[in-house]
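Undergrad: Show me the folded form of this:
(2 chains)
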2 protein chains.
Amino acid sequence: MAETRQWRLASRPVGEPTSENFELVTVDRPEPDNGEVLVKTLYQSVDPYMRGRMRDAESYAEPWDVGDPMRASVVGEVLESNAGQFSAGDIVTGDLLWAEHAVADANELQPVNPDHGPISTALGVLGMPGVTAYWGLNDVGDPKPGDTVVVSAAAGAVGSVVGQLARLSGARVVGTAGSEAKIEWLTEELGFDAAINYKETDDLSAAVDEACPDGVDVYFDNVGGPITDAVWPRLNLDARVAVCGQIALYNETEVPTGPRKLAKLIETRATVEGLLVSDYQPRWGEALERLSQFVQNGDVQYRENVVEGFENAPDAFLGLFEGENIGKQLVKVAEYDG
Amino acid sequence: MAETRQWRLASRPVGEPTSENFELVTVDRPEPDNGEVLVKTLYQSVDPYMRGRMRDAESYAEPWDVGDPMRASVVGEVLESNAGQFSAGDIVTGDLLWAEHAVADANELQPVNPDHGPISTALGVLGMPGVTAYWGLNDVGDPKPGDTVVVSAAAGAVGSVVGQLARLSGARVVGTAGSEAKIEWLTEELGFDAAINYKETDDLSAAVDEACPDGVDVYFDNVGGPITDAVWPRLNLDARVAVCGQIALYNETEVPTGPRKLAKLIETRATVEGLLVSDYQPRWGEALERLSQFVQNGDVQYRENVVEGFENAPDAFLGLFEGENIGKQLVKVAEYDG
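TA: Okay, here's the model as predicted:
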């Protein structure tokens, strides 16, 4: 019988996750029931939100169980279909497993048209991160021409799209990132007005001051922690803070207090709102259509950071917390012959 | 020439203010110019927001200058009028001084009709605190029948009105306060469903859990700090946090970090918004009309904590930080003979 490999959650991390928390197992390749298809993974996504699933705590999603295969968005090829919607050879995307092969309900997969661009973009600029950026910025952040928009983790899969969309809205755009290569990409290729290398800055507050002489109207926060502390005092009247991620804090084991300095919100009447892309499921297609246009006409550029080999998936995930990725972090699991 | 007394800011407090920060001076009684009136203070308000004005830092209002008389809302009697709007003997309210007498532009005063109830209510339930409660709750908190509404400093001038208005909206209402007398007032007279004495609770989180079995839909925050930390993890999906005051933190000299645990907002898509009553100036009368009806028909009750004597005004203010007041804290400066 054919086999496949899966990455399972071996143990829950305490603080920073390590490779010890992952276990690679070989199992029988599953077979599709009626209405299901067997998918061969070509690209697997690793995302910061996965850190939350490894934790045994209530959140917006069920935690993963220790011993179970972990879940991930993938782009893959249909090997066998027992569903009318798909045929062998079709390229699909969906929420599957950290696995070389997986079966899925055909209703939970979306077709990917390889003629529209590289299939891997269905996990990035034309997938969940792109839609997060699109609705998070436009619905929660709501930038206006002349606004100053600050985005943290600006060279990441979400942040890089947020910044470019904000620029298209006529805003002044400032990003934070953690390497000179990222800063260069943001300012010289993506059109950011300024970018701050938070790892090389002695005084983050002064850097934000300098980059935002008119204060901050929209803060799209992917990281939390010290960068948020530096942006907070510069919030303008009626500023909007879109809380999308808090990767700087995901590995904290002990955070003694919750929100502080909320008096800044009284001063500014600013609004802080959490966003989750699944709320925008009904408007997913609307975002993808716009993003596709922007990518095609060059208004939105993207990068992918591709780690080769399924066995390296945990390393690709762990690299997110080191800020190793420019653009979308992907694992290439198998070659696409299309 | 007639004299009057004023309290001036003697020095800026570091941490908790003390009586050393105030100076009582005797000066010539000012005379009204054209368009002005001379007002004899009957009641003076002391409010938590005044702590911010004592600080030399940009906020939603200009800081007071050291050596200048401090400002306060007062209810007083017109002694002399050089303005057509008012005559000697009229009762007025406005933003004047910590002073026994002051002159004011007649356009910046509102008439108070003594037939509508005790004139002191113009500084409390039918003044700035009442309007803050009305619009803060209804515009920012937006409670629905069945919601659980938590209000901190619930026995204060704003909180006590917020809780009663939330109850009228069909919500389950939970308050926090710092004495058994306050708890008794909230639960036995004002109709709160539960109240937590935070000074007598070993485990604030467990107390909030017990009082809010269905979580928290609206949190009207007057205090910040540990009470906010206890409410935060219990926020429900789409919860609204109205940030009205942070009195627990106003005297902190060193707050090392800003907001933490914002990931809770991603989980819940909750909104945190600061509110300032001056934004509702155009809708002030609408709130007062409703509040007057509620007070007249007994749906909204109020208490006043009156300190007698102008010389005790700083003590009345300092008492706010000790949680000494049940209801609105006032200073009775002169007898009203109406």
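Undergrad: For chain A, what lies in contact range of chain B?
TA: Residues of chain A lying close to chain B (CB under 8 Å from any CB of the partner chain) are A:52, A:59-60, A:221, A:224-226, A:228-229, A:232, A:243-246, A:249-250, A:255, A:257-276, A:279. For glycine as for every other residue, the C-beta is placed from the backbone atoms N, C-alpha and C.
Undergrad: phi, psi of the residue most central in space within chain A?
TA: Centroid-nearest residue in chain A: residue A:129, 4.5 Å away (criterion: CA atoms, centre = their mean). Reported as degrees, to the nearest 10, the phi and psi values for residue A:129 are phi -60, psi -40.
Undergrad: can you tell me the average pLDDT over stretch A:45-56?
TA: For stretch A:45-56, mean pLDDT rounds to 93.
Undergrad: which residues sit against that stretch?
TA: Applying CB atoms under 8 Å, 6 or more residues apart in numbering or on different chains, the set of residues contacting stretch A:45-56 from outside is A:9, A:12-13, A:17, A:21, A:59-64, A:70-74, A:123-124, A:127-129, A:157, A:222, A:245, A:247, A:250-251, A:313, A:316-317, A:320-321, A:328-331, B:263.
Undergrad: Hmm, residue A:34 and residue A:106 touching each other?
TA: No: if you go by CB atoms under 8 Å, residue A:106 and residue A:34 don't touch, sitting 9.8 Å apart.
Undergrad: what's the overlap in contacts for those two?
TA: residue A:83.
Undergrad: Compare these two (neighbour count), which wins?
TA: residue A:106 (20 against 7; other CB atoms under 10 Å in any protein chain shown).
Undergrad: Chain neighbours aside, what residue packs nearest to the more buried one?
TA: Distances taken as CB to CB, 6 or more residues apart in numbering or on different chains place residue A:83 nearest to residue A:106, at 3.4 Å, with adjacent residues excluded.
Undergrad: Quick check: end-to-end length of stretch A:292-311?
TA: 32 Å (CA to CA, to the nearest Å).
Undergrad: what about that stretch, distance to the chain center?
TA: Chain-centre distance of stretch A:292-311: 12 Å, with CA atoms, centre = their mean, to the nearest Å.
Undergrad: I'd guess the residue nearest to residue A:106 is in a helix, am I close?
TA: No: counting by DSSP: H, G, I helix; E, B strand; the rest coil, residue A:83 is not part of a helix but coil.
Undergrad: That one: what's it in contact with?
TA: By CB under 8 Å, 6+ apart, residue A:83 lies in contact with A:32, A:34, A:35, A:36, A:37, A:106.
Undergrad: of all those residues, which comes closest to chain B?
TA: residue A:106 (29.9 Å; CB to the nearest CB).
Undergrad: so where is the stretch 51-200 of chain A shaky, pLDDT-wise?
TA: Along the stretch 51-200 of chain A, segments meeting pLDDT under 70 span A:58-60.
Undergrad: Do a quick rundown of the helices in it.
TA: All helices of the stretch 51-200 of chain A, identified by DSSP state H, counting those that start in this stretch, fall at A:128-135, A:157-168, A:180-184.
Undergrad: Grab the CA positions of the second one and hand them over as PDB.
TA: Spelled out, it's helix A:157-168. Output in PDB follows, covering the C-alpha atoms of helix A:157-168 (Å, rounded to 0.1, in the frame of the first residue of the first chain):
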ATOM      1  CA  ALA A 157       3.100  38.100   3.600                       C
ATOM      2  CA  VAL A 158       0.400  40.300   5.000                       C
ATOM      3  CA  GLY A 159       2.400  43.400   5.800                       C
ATOM      4  CA  SER A 160       3.900  43.800   2.400                       C
ATOM      5  CA  VAL A 161       0.400  43.800   0.800                       C
ATOM      6  CA  VAL A 162      -1.000  46.100   3.400                       C
ATOM      7  CA  GLY A 163       1.700  48.700   2.700                       C
ATOM      8  CA  GLN A 164       1.200  48.600  -1.100                       C
ATOM      9  CA  LEU A 165      -2.600  48.800  -0.800                       C
ATOM     10  CA  ALA A 166      -2.200  51.800   1.600                       C
ATOM     11  CA  ARG A 167       0.000  53.500  -0.900                       C
ATOM     12  CA  LEU A 168      -2.600  52.900  -3.600                       C
END
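Undergrad: And it, what does it pack against?
TA: helix A:128-135, strand A:148-151, strand A:172-177, strand A:216-221, helix A:284-296 (3 or more CB pairs under 8 Å, 6 or more residues apart in numbering or on different chains; DSSP states H and E).
Undergrad: can you list the domains in chain A?
TA: Listed by automatic domain parsing, the domain ranges of chain A are A:3-124+A:303-332, A:128-278.
Undergrad: got the end-to-end distance for the shortest one?
TA: From the first residue to the last, domain A:128-278 extends over 9 Å; the measure is CA to CA.
Undergrad: Switch the helices and strands packed on helix A:157-168 over to CSV; also include distance to residue A:199.
TA: Listed next are those as CSV, based on distance: least, CB to CB, whole Å:
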stretch, distance to residue A:199
helix A:128-135, 22
strand A:148-151, 17
strand A:172-177, 9
strand A:216-221, 18
helix A:284-296, 29
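Undergrad: Deepest-packed of the ones you listed, please.
TA: Sort the helices and strands packed on helix A:157-168 by mean neighbour count, taking mean count of other CB atoms under 10 Å in any protein chain shown, and strand A:148-151 sits at the top with a mean of 31.
Undergrad: Can you name the residues bridging to residue A:27?
TA: Beta bridges link residue A:27 to residue A:4, judged by DSSP bridges.
Undergrad: With that, I have no additional questions.
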